[in-house]
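J.: structure for this input, please:
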Amino acid sequence: MSCDTYKTIQKPSEGLYKEKGSKFIAYAYPVTGEEEIKSLINSLKKEFYDARHHCYAYMLGADHKNFRANDDGEPSSTAGKPILGQILSKELTNILIVVIRYFGGTKLGVSGLIQAYKAAAADSILNSEIVEKTVNDIYDINFDYLAMNDVMKIIKEDQPEQLDQDFNLNCKITLSIRQKDVDQIIEKFSKIESVKTKFIKTI
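T.: Modelled structure (predicted):
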């Protein structure tokens, strides 16, 4: 796999595992940042306010270096780590999996908990569609109206994805450019008078 591609899930999915009356409901989401992750976890905590535990793990970035696992009150390493283990085993990133537990009255023990959280997380991945995406840089391209033809010629040739556009006296196009193509495309824009490029973020 080249360093500017990664695997994630196409859209949110659910998983379920039951053991001795306890119910483990897993929710998997494609995500791009920590603020989004916090918001999703908070909304699940509100929706399932009567559940005993809301355990989760996430992985961000094509380099698989930004990750976290949280046991939310379960014995150490019995919930977050097994969830994270499933993410790692499928080589996924930009993903959040939250497993909500309703206690059924019978304790499952350490090995039982590990198995339950692992199985629920695995089921949510199984029910999702895994896709390969490219790591892209988002740029604003600002230019005078007179430079429109030159700018559009580059976009037509190299075909970066257009996210937004505003054509007035001062024009702006927001582009999503695959990382491996960024240098050559930005260099082409820099040769046009009046064009200013501004890096926004990497997704």
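J.: okay, now the domains of the protein?
T.: Partitioning the chain according to automatic domain parsing yields domains covering residues 5-132, 135-202.
J.: start to end distance for the first one?
T.: For domain 5-132, the first and last residues are 7 Å from each other (C-alpha to C-alpha, to the nearest Å).
J.: quick one: distance of that domain to the chain centre.
T.: On the basis of C-alpha atoms, centre = their mean, to the nearest Å, the separation between the geometric centre of domain 5-132 and that of its chain is 14 Å.
J.: now it: mean pLDDT?
T.: Across domain 5-132, the average pLDDT comes to 97.
J.: residue contacts, I9?
T.: Taking C-beta atoms under 8 Å, 6 or more residues apart in numbering as the criterion, I9 is in contact with A28, Y29, P30, L92, I95, I125, S128, E129, I130, V131. Yep, even glycine has a C-beta here, placed from its N, CA and C like the rest.
J.: what about these, which are in helices?
T.: In helices, defined here by DSSP state H, the members of the contacts of I9 are I125.
J.: tabulate the contacts of I9 (CSV), appending neighbour count and distance to N142.
T.: As requested, these are arranged in CSV below (neighbours: other C-beta atoms under 10 Å; distance: C-beta to C-beta, whole Å):
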residue, neighbour count, distance to N142
A28, 28, 38
Y29, 22, 34
P30, 19, 30
L92, 21, 36
I95, 26, 34
I125, 20, 41
S128, 23, 38
E129, 8, 37
I130, 14, 37
V131, 12, 32
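J.: nearest to L169, of the contacts of I9?
T.: Distance ranking of these against L169, using C-beta to C-beta, places P30 first at 38.2 Å.
J.: bridge partners for the closest one, pull those for me.
T.: With DSSP bridges as the criterion, P30 is bridged to I95.
J.: from here on, count from 21
T.: OK, 21 is where the count begins now, so the last one is P50.
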